[in-house]
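Predicted model and sequence follow; I will ask about them next.
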Amino acid sequence: MDLNTIIGGALAFILVLGAMAIGPGGVMVFVHIPSMIIVFGGTIAVIMVAFPVSDLKPIMKVMMVSALRKTSTPTEQIDRIVEFANLARKEGLLALETKLQTVEDPFFGKGIQLVIDGFSADTVRDIMELEAEWEDSRHGTGRKIVDQLGAFMPAFGMIGTLVGLVQMLQDLSDPNGIGLGMATALLTTLYGAMGANMVFIPVAGKLEMVAKTNQQLRKLMIEGVVAIQSGEKPQLIKEKLKGFLSPPMRALVDAES
Amino acid sequence: MDLNTIIGGALAFILVLGAMAIGPGGVMVFVHIPSMIIVFGGTIAVIMVAFPVSDLKPIMKVMMVSALRKTSTPTEQIDRIVEFANLARKEGLLALETKLQTVEDPFFGKGIQLVIDGFSADTVRDIMELEAEWEDSRHGTGRKIVDQLGAFMPAFGMIGTLVGLVQMLQDLSDPNGIGLGMATALLTTLYGAMGANMVFIPVAGKLEMVAKTNQQLRKLMIEGVVAIQSGEKPQLIKEKLKGFLSPPMRALVDAES
Amino acid sequence: MDLNTIIGGALAFILVLGAMAIGPGGVMVFVHIPSMIIVFGGTIAVIMVAFPVSDLKPIMKVMMVSALRKTSTPTEQIDRIVEFANLARKEGLLALETKLQTVEDPFFGKGIQLVIDGFSADTVRDIMELEAEWEDSRHGTGRKIVDQLGAFMPAFGMIGTLVGLVQMLQDLSDPNGIGLGMATALLTTLYGAMGANMVFIPVAGKLEMVAKTNQQLRKLMIEGVVAIQSGEKPQLIKEKLKGFLSPPMRALVDAES
Amino acid sequence: MDLNTIIGGALAFILVLGAMAIGPGGVMVFVHIPSMIIVFGGTIAVIMVAFPVSDLKPIMKVMMVSALRKTSTPTEQIDRIVEFANLARKEGLLALETKLQTVEDPFFGKGIQLVIDGFSADTVRDIMELEAEWEDSRHGTGRKIVDQLGAFMPAFGMIGTLVGLVQMLQDLSDPNGIGLGMATALLTTLYGAMGANMVFIPVAGKLEMVAKTNQQLRKLMIEGVVAIQSGEKPQLIKEKLKGFLSPPMRALVDAES
Amino acid sequence: MDLNTIIGGALAFILVLGAMAIGPGGVMVFVHIPSMIIVFGGTIAVIMVAFPVSDLKPIMKVMMVSALRKTSTPTEQIDRIVEFANLARKEGLLALETKLQTVEDPFFGKGIQLVIDGFSADTVRDIMELEAEWEDSRHGTGRKIVDQLGAFMPAFGMIGTLVGLVQMLQDLSDPNGIGLGMATALLTTLYGAMGANMVFIPVAGKLEMVAKTNQQLRKLMIEGVVAIQSGEKPQLIKEKLKGFLSPPMRALVDAES
């Protein structure tokens, strides 16, 4: 779990809810179920217009998994590749089969399986690169949906506020009613601004960072799997893979080994 | 029919109309024919300035067909191509002529006709690719018009509100009149925001998705038609065409066959 | 004349003026000469800062001609090229000279003149392509000026409204004066929004469409002139030139011939 | 001097100041020194944060010279190049030295000096192209600073207005004080809008046009200098250089010679 | 230290704080700790959602060092490279080791170390270019975070103002309370505008300038180190490196030597 994302998101809500709580009337002044339904429901409804169900279903999972998941570090990946390379050099490529069960990441698992099945280095590389590309395009669709959620929420916030203002303006005889009517009208704009700026825009940013890191890891894994197949010395593989890392990352790998 | 798009669009309107209905005065407070004419009429009028009639006429059809149409799935396409390939191998290319009547999609039909007419593989591929390009550019113009509709509607909403405000400000003696005048003035902004965010921007997004999927299907069909002509084994054709699909799509094709 | 553009533009103004007319005070409430001078004069003044006089002088003509002109259809062009090709084959290239007077379009005329003067096909093509490029860059500058007019008008509308608000706020003792002062202040914003959204932005869109169509016609003409020079069969030229058209256009050419 | 830019800029200010003068209180209502200091001072201050002093010092000069300078016309340049070519053919390249003093433009002067010093055509071209590139990148930095001035002014206008509103809202007991306080608060927004839309954004546009024209002249000069060196016939050089001009410019050159 | 950045930033705050001080109530009217916590805390919280801790930790240092650091001038770099080249020619490459301690810049130090270690020119160049690329991508992440800080601050300012307005509208019975409530509500928008326009957007601009200058220096250093290794004449190296500078910079180098 990526504590950063959870702490950041929670902190943003605690701050804004706190500011609501210390004011007159407390947090309850800001809770208005019909306004919530317009903003959240309307946003989800128009997203359904543009994207097929098959892309929308996994979006909650994509948001959860990708946003909260702590992507495995390059250090861990390099250590595992070196371990597999050691095994392959000592006991042959077929011996990798027994270790395959322990691999959770299907991408790395598929690569090792291809090596065991005896495909050529070029084929292994081609298939793995295509797989990484599909993965990236799948994440891209998810990111686009989250982007759109962040773009439509303020729009529905504005629609809700306009509806509320028109209703409030029907009767200006009671000054206090005006105040409360306007407060309620503003709530949808507030919900839209909160949803966009505190959830969807930051999560879209996170998904972009995760996708970028993920693609770098995929490149490292492809080189690693091909190197395992070629039977290179594990220590040499490690040095080679370190070339994919930024200097501070390299220092980290050296420090940990 | 793509239920997603219809349900999404209907849901968005039900939510906003519901919010209008539960307020004082109900939905009728939000119905103001002159305001509707300014926003919808003005938007369509300026779109007529920029685009020739010949591009505008089919726009309603493009919106309906492309937005609501459920594009045929790759699975269906692959199945049909395999079927045609089987027939061609058993009874020769000319036998395809009898099956041609059953083909509704003119793109695939034209490809098969070219094969029957005995054109070379390169010519078939060139003509089909050019046809796919023209189709894409035609859809592109439609998408651009829908984009522009979404951009001009809020502008006419603002023009209408400014006209209404100037009229309302002529007489500030009756406080209740101010409220009703301002409410009416705001209606055009509301119409503009609803038209843009609940119809045209989401439909433009849908058209983009449809065009993208369509181009992928066109590529698959071109490869399929050329493969039918070359007399390849149907099973091999199927494997080859599956390479155009994302991994989950491939799993789907395998599951259904 | 392109009725589309004229009808669209007229319709937009009729709708907005109609909305003004049915309100209290009628259209005259919206006429304020000093406000018009600020918005229109100011916009033109800052455009003069950025663009040299030589580019500004023809802008009214460019707007009129390009916006209203109905570009000649590809069908007409193809018919004329075929006609010239027939003549050249029967009576020789020099016979084209007598028909040159009937050509209004200077671009096509220059191409035919080059052919009569006996330049090589490559030279004819090079000169015509350069000429088409210059034409496009000249239209591009015109389009940029219209774009800028559409961008500065709302800015001067806002400046005018701020000036009016500051003046109105000097004396808040008479409530009715406040209303009228604010109404007048809002007029410049209204003029800016109307000028930008009902004239300049749609005309810029039209100019873009005209330029795009024009460039496609230029390509067709270049191929046509070179084909006339080479003495190809008119029917073959027609088939070749149809390749530059979209499928529905091609059907149109076939239907008319 | 480019009268266009001066007349345009002056006209814009005359129009807005005129609109201020005819209102109640006249122009003096719009003069508020502290508000001016916030908007102008604040904008310049944050520009200092981003750009080094060495880039900022020449900005006033760049704005003056580039914005007001009437760039020399291509006709003048071609005439001079032909004159130099004549001299070089009659009296040899060294004879150019005596005419070098009359050249004000350092770019052309440097080119001629290189020719006199006997460098090869390729070296002359390389050095002049590099020099033109540096000139363009120097102008680019100036343009970026003017762009930023146009972007930060409205932001400081808004900051000033927010400061003024908060101060005005401290005491709502005197209605007239509210009006005057709000008027003063709005002044910074007005200054920001005027500075951006009447000075910096148009000047940035002018700088872009000047830079573009300048680069075209530089290309023409480079070809001219290389042609002088090669000893081509002056009349031939003239024809060649005319190829760099748009058709109306060419007509102008022909008319004047 | 780059006085420009410090003076500019300080000046902007002095101007705005001065404008606050001369108004009724002074600066204290603008201090509202809960509002500050919402805007600053909320912005930092959502930045934590998108960026991993490892990128956020060094951001304060990056902002300080990069924004305030006066990047070493090309003149200084060229002088040092010439000094090292002199030493290498007189006493051999190994003699550079004694001077290595005096080098503070790790990039140049690493380059010289590679030369001493006897790597080939190509290897030295490859490793240094990769190092420069990583440095640039590291600065790029920092710049992106500062950009995002500038984008989210106004959003949280708006959220805070909406929360304040809703609370203020609960009770409209006391006119003075309305004023103070609205003033407090506006403070978050003011903080957001100040933070974005007076700190983060200008600093992001500065970081971009620093990164650009830095990359130019890196190129110059790489050429310098490779030239030292090749044993070229120091005077020749100087001339060569001057080719990387703009003409005014070159004049400066000549003037100082």
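Good, I have the coordinates.

Show me where the stretch 101-250 of chain A has its strands.
For the stretch 101-250 of chain A, applying DSSP state E, counting those that start in this stretch gives no strands.

dump the residue contacts of the residue of it found nearest chain E.
Closest residue of the stretch 101-250 of chain A to chain E, Cβ to the nearest Cβ: A:Gly205 (3.3 Å). All C-beta spots, glycine's among them, are computed from the backbone N, C-alpha and C. Taking Cβ atoms under 8 Å, 6 or more residues apart in numbering or on different chains as the criterion, A:Gly205 is in contact with E:49-51, E:148.

closest to B:Leu236 among these?
The nearest member of the contacts of A:Gly205 to B:Leu236, counting by Cβ to Cβ, is E:Ala50 at 46.8 Å.

Setting aside sequence neighbours, what's the nearest residue to that closest one?
Distances taken as Cβ to Cβ, 6 or more residues apart in numbering or on different chains put A:Gly205 closest to E:Ala50, at 3.3 Å, once the chain neighbours are dropped.

so where do the helices sit in the stretch 101-250 of chain A?
A:106-116, A:121-168, A:175-194, A:201-230, A:234-242, A:247-256 (DSSP state H, counting those that start in this stretch).

and the third one, does that touch chain B?
When you say that, I think you mean helix A:175-194. No - figure legend: helix A:175-194 not in contact with chain B (Cβ under 8 Å from any Cβ of the partner chain); closest approach 8.8 Å.

what's A:Ser173 in contact with, if anything?
B:Asn176.

What pLDDT is listed against the closest residue to chain E within the stretch 1-150 of chain A?
For the stretch 1-150 of chain A, the nearest residue to chain E under the criterion Cβ to the nearest Cβ is A:Gly8, separated by 2.9 Å. For A:Gly8, the pLDDT comes out at 91.

name the helices or strands packed onto the strand or helix carrying it?
When elements are assigned from DSSP states H and E, A:Gly8 belongs to helix A:3-21. Using 3 or more Cβ pairs under 8 Å, 6 or more residues apart in numbering or on different chains; DSSP states H and E, the elements in contact with helix A:3-21 are helix A:59-68, helix A:201-230, helix E:42-50, helix E:121-168.

ok, 10 Å please
helix A:59-68, helix A:175-194, helix A:201-230, helix E:33-36, helix E:42-50, helix E:53-56, helix E:121-168 (3 or more Cβ pairs under 10 Å, 6 or more residues apart in numbering or on different chains; DSSP states H and E).

For the longest one, give the mean pLDDT please.
For helix E:121-168, the per-residue pLDDT values average out at 91.

quick one: that helix to helix A:121-168, angle?
20 degrees (axes from the mean of the first three to the mean of the last three Cα atoms, to 10 degrees).

Wondering if helix E:121-168 reaches chain A at all.
Yes - using Cβ under 10 Å from any Cβ of the partner chain, helix E:121-168 reaches chain A at E:130-131, E:133-135, E:137-138, E:141, E:144, E:148, E:151-152, E:154-156, E:158-168.

Also near chain B: which of the residues you listed, exactly?
Answer for these near chain B: none qualify (Cβ under 10 Å from any Cβ).

Going through the residues you listed, which ones are buried?
Listed as buried from the residues of helix E:121-168 next to chain A are E:131, E:134-135, E:138, E:141, E:144, E:148, E:151-152, E:154-156, E:158-168; burial here means 16 or more other Cβ atoms under 10 Å in any protein chain shown.

related to what we said a few turns ago, what's the angle from the helix holding A:Gly8 to helix E:121-168?
Interaxial angle of helix A:3-21 relative to helix E:121-168 (the same axes, to 10 degrees): 20 degrees.

Any buried residues in helix A:3-21, and which?
Within helix A:3-21, the residues that count as buried by 16+ other Cβ under 10 Å are A:4-5, A:8-9, A:11-12, A:15-16, A:19-20.

what do you get for stretch A:213-232?
So stretch A:213-232, judged by 16+ other Cβ under 10 Å, has buried residues A:214, A:216-218, A:220-229, A:232.

swap in stretch A:174-181?
Judged by neighbour count (16+ other Cβ under 10 Å), stretch A:174-181 contains these buried residues: A:178-181.
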